[in-house]
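K.L.:
Predicted model follows, preceded by the sequence.
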Amino acid sequence: MQLGDPLSPWVRWELELHNKDRVVPWDVVLNPGGYVAGAYRCTSWVTDKACRIRTAKATARISYDALVHHARQAYGPLINVMQAVEGSAERVLARLWRDGKPSRLEVPMPPEFGQVRRPSSTE
């Protein structure tokens, strides 16, 4: 069809995989059908075994780094003043603590991010 024959039974499917937010495994080159089938529902017929490239770790890291950057820009100077007033970083954390986590980080968190724990209060 691409070359002009409207009666041709051939259809071309393309899938571009970029490694900006993920690591693209070499298996994509060796077994491309599974990744084409896993990319879109409409291509699930390509093979029975659909494969997807996981991006949660990269997404969590990118979101975390962006939130830290913005928090530093917006609240870094306030934290400096708070530490002078409160007397310690622990007391600043105790004053700022809220339960939960940002909705932007509501993704599966990799183990290296650790567990969220309430700081000990020294008040």
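P.N.:
In hand now; what should we look at? Residues are numbered from 1 along each chain as shown.

K.L.:
Next up, the contacts around residue 47.
P.N.:
Each residue near residue 47 by C-beta atoms under 8 Å, 6 or more residues apart in numbering is listed here: 33, 34, 36, 37. C-beta here means a position set from N, CA and C on the backbone, and glycine is covered the same way.

K.L.:
average pLDDT across stretch 64-77?
P.N.:
Mean pLDDT, computed over stretch 64-77, is 93.

K.L.:
Please enumerate residues in contact with it?
P.N.:
102, 104, 105, 113.

K.L.:
Please work out how many residues are found near the first one.
P.N.:
When you say that, I think you mean residue 102. The tally of other residues near residue 102 (other C-beta atoms under 10 Å) stands at 10.

K.L.:
What sits closest to it if chain neighbours are left out?
P.N.:
Sequence neighbours aside, residue 67 is the residue nearest to residue 102 in space, at 6.1 Å (criterion: C-beta to C-beta, 6 or more residues apart in numbering).

K.L.:
Name the secondary structure element that contains that neighbour.
P.N.:
Assigned by DSSP states H and E, residue 67 falls within helix 56-86.

K.L.:
Next secondary structure after that helix?
P.N.:
Scanning forward in sequence from helix 56-86 by DSSP H and E, the next helix or strand is helix 89-96.

K.L.:
Alpha carbons of the helix or strand of the chain with the lowest mean pLDDT, in PDB - could you do that?
P.N.:
None of the helices or strands of the chain scores lower by mean pLDDT, DSSP states H and E than helix 32-39, at a mean of 87. What follows is helix 32-39, C-alpha atoms only, in PDB (Å, rounded to 0.1, in the frame of the first residue of the first chain):
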ATOM      1  CA  PRO A  32      11.200  -7.500  17.800                       C
ATOM      2  CA  GLY A  33       7.700  -9.000  17.500                       C
ATOM      3  CA  GLY A  34       7.100  -9.200  21.200                       C
ATOM      4  CA  TYR A  35       7.900  -5.500  21.600                       C
ATOM      5  CA  VAL A  36       5.700  -4.500  18.700                       C
ATOM      6  CA  ALA A  37       2.900  -6.600  20.200                       C
ATOM      7  CA  GLY A  38       3.400  -5.000  23.700                       C
ATOM      8  CA  ALA A  39       3.500  -1.500  22.400                       C
END
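
K.L.:
Alright, I will stop here.
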